[in-house]
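[1] Next input, structure requested:
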Amino acid sequence: MKFGVNILNFGPGTDAGTLLGWARFAEDEGFHFAMISDHLAVTPDVAKQYPAPFYDPFTALAWLAGRTSRIALGTTVVVLPFRHPLEVARMAADIDEYSGGRLIFGIGVSWARREYAALGVPFERRGAITDEYLEVIRRCWTEDVVSFTGEHVAFEEVSVGSAAAGRRRPPIWVGGSSGAALRRTVRFGDAWHPLNLRPAQIHEKLPALRAMAVEAGRPVPAFAPRLPLRVTGSPLPEDERLAGQGTLGQIHGDLLALADLGAGHVLFDTYQGTPAEMRPPEEDRRMLRTVAGAILDLDRGEVRR
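    Residues are numbered from 1 along each chain as shown. All right, here's what the predicted structure looks like:
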């Protein structure tokens, strides 16, 4: 298994130094990858959960690619309908090249209606747009010249320039846990990348994902969950807590279960969900060190048993 750290790229006190601090922490401590989230327009609905400043994932990752050497770098997740797919294909391919093939391309659809309105993107069509854009991006990464005609985008004879056409392409991780997200994962994704699931939901949705893949005659996507990490002094109720939350014993049990379920990557997210709960980065890093020291063998890529 590979274990990663979510870089907090938003909120008061966040700046270039804190972004670099997170990336260097992940690399120096022996984590295997680091990821960064996305919002493009910090509208009031976004700000309630992710306040400004909010740093762009593509520019941040391009910079961090030159300041790191070992860890994989990724997006958790790019809100795909917000940008033209040709632009996204090129930016992502360039970052993959700059980093020596270290990019993980995570995508999702988001929930922020006012952000969609600000960008002139129809919220009700976000799923269809995402599917269409994913098709464009995959083709841009595997074909030298692409022509495409769809409902939301059309173009003729386009190359993404320095992109990875004919070379290794970045793995695509698909976020979300709805039926549409699972179908999107099967159709386009290399891995399913859900967030905020209870342990029972994981056991329910993984078989559904596998059944969809079998029915479609496609490989079963890998499993790469993002866990909202929170360590508590006393146990949380099992029917209420999210995977990755509770005592060290509960979190240890979650990670053992994920290993048994075949999870290849696990991303730890220290953000608690509201600006009022944001902690100084060093407090979050102490929690990650505690969990890694007690539960993980990062050198071997294993959960301690």
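
[2] Residue ranges in the stretch 101-250 of the chain under the pLDDT threshold?
    161-167 (pLDDT under 70).

[3] Return the set of buried residues in stretch 273-293.
    Buried residues in stretch 273-293, defined by neighbour count with 16 or more other C-beta atoms under 10 Å: 278, 281, 284-285, 287-288, 291-292. Every residue, glycine included, has its C-beta placed from N, CA and C.

[4] Please render those as a markdown table that adds pLDDT, secondary structure and distance to L236 to the earlier fields.
    Below are the buried residues of stretch 273-293 laid out as a markdown table (pLDDT from 0 to 100; DSSP: H, G, I helix; E, B strand; the rest coil; distance: C-beta to C-beta, whole Å):
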| residue | pLDDT | secondary structure | distance to L236 |
| --- | --- | --- | --- |
| M278 | 92 | coil | 21 |
| P281 | 94 | helix | 24 |
| D284 | 97 | helix | 19 |
| R285 | 97 | helix | 22 |
| M287 | 98 | helix | 15 |
| L288 | 98 | helix | 19 |
| V291 | 98 | helix | 15 |
| A292 | 98 | helix | 21 |
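
[5] Return the closest of the residues you listed with respect to P122.
    Nearest to P122, judged by C-beta to C-beta, of these is M278 at 32.2 Å.

[6] Would you mind confirming that that closest one is in contact with T18?
    No. Using C-beta atoms under 8 Å, M278 is not in contact with T18, being 11.4 Å away.

[7] C-alpha coordinates for stretch 254-271, PDB please?
    Provided in PDB are the C-alpha atoms of stretch 254-271 (Å, rounded to 0.1, in the frame of the first residue of the first chain):
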ATOM      1  CA  ASP A 254     -10.000   0.700   9.400                       C
ATOM      2  CA  LEU A 255      -6.600   0.500   7.700                       C
ATOM      3  CA  LEU A 256      -6.300  -3.200   8.200                       C
ATOM      4  CA  ALA A 257      -9.800  -3.600   6.700                       C
ATOM      5  CA  LEU A 258      -8.800  -1.400   3.700                       C
ATOM      6  CA  ALA A 259      -5.700  -3.500   3.200                       C
ATOM      7  CA  ASP A 260      -7.800  -6.700   3.200                       C
ATOM      8  CA  LEU A 261     -10.200  -5.000   0.700                       C
ATOM      9  CA  GLY A 262      -7.300  -4.400  -1.700                       C
ATOM     10  CA  ALA A 263      -6.800  -0.700  -1.300                       C
ATOM     11  CA  GLY A 264      -3.600   0.300  -3.100                       C
ATOM     12  CA  HIS A 265      -3.400   3.900  -1.900                       C
ATOM     13  CA  VAL A 266      -4.800   5.700   1.100                       C
ATOM     14  CA  LEU A 267      -4.800   9.500   1.400                       C
ATOM     15  CA  PHE A 268      -4.900  11.100   4.800                       C
ATOM     16  CA  ASP A 269      -6.800  14.400   5.000                       C
ATOM     17  CA  THR A 270      -6.300  16.300   8.300                       C
ATOM     18  CA  TYR A 271      -9.000  19.000   7.500                       C
END
